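In: Predicted model and sequence follow; I will ask about them next.
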Amino acid sequence: MHVIQAERAAKIWLQPAEAAYNRRYNQAELNHISTVTRENQAFLLETWYEYFSR
């Protein structure tokens, strides 16, 4: 999943939920993104598989 805001970008793998890369997010922001990803991992994966299995 890609998280983009202004000049910042991060790519987060959904399984396992971890950062593939981070450009300009500070550590606190990246920790928050990772936490939200883990908390919603089941929903994000379900939505991903639904979308790409069409």
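Out: Structure's in. What do you need?
In: Helix, strand, or coil at the residue nearest the centre of the chain?
Out: Among the residues of the chain, the smallest C-alpha distance to the mean C-alpha position (CA atoms, centre = their mean) belongs to Ile12, namely 3.6 Å. For Ile12, the secondary-structure state derived from DSSP: H, G, I helix; E, B strand; the rest coil is strand.
In: Is it bridged to anything, and to what?
Out: Counting by DSSP bridges, Ile12 is bridged to Ala19.
In: could you pull out the helices for this structure?
Out: Per DSSP state H, the chain has helices spanning 27-39, 41-52. These are given in chain order.
In: and the last one, what does it pack onto?
Out: Pointing back at helix 41-52 there. Helix 41-52 sits against strand 8-14, with contacts defined as 3 or more CB pairs under 8 Å, 6 or more residues apart in numbering; DSSP states H and E. No exception for glycine: its C-beta is placed from N, CA and C like everyone else's.
In: Determine the angle, from 0 to 180 degrees, between the strand it packs on and helix 27-39.
Out: Following axes from the mean of the first three to the mean of the last three CA atoms, to 10 degrees, one obtains 30 degrees for the angle between strand 8-14 and helix 27-39.
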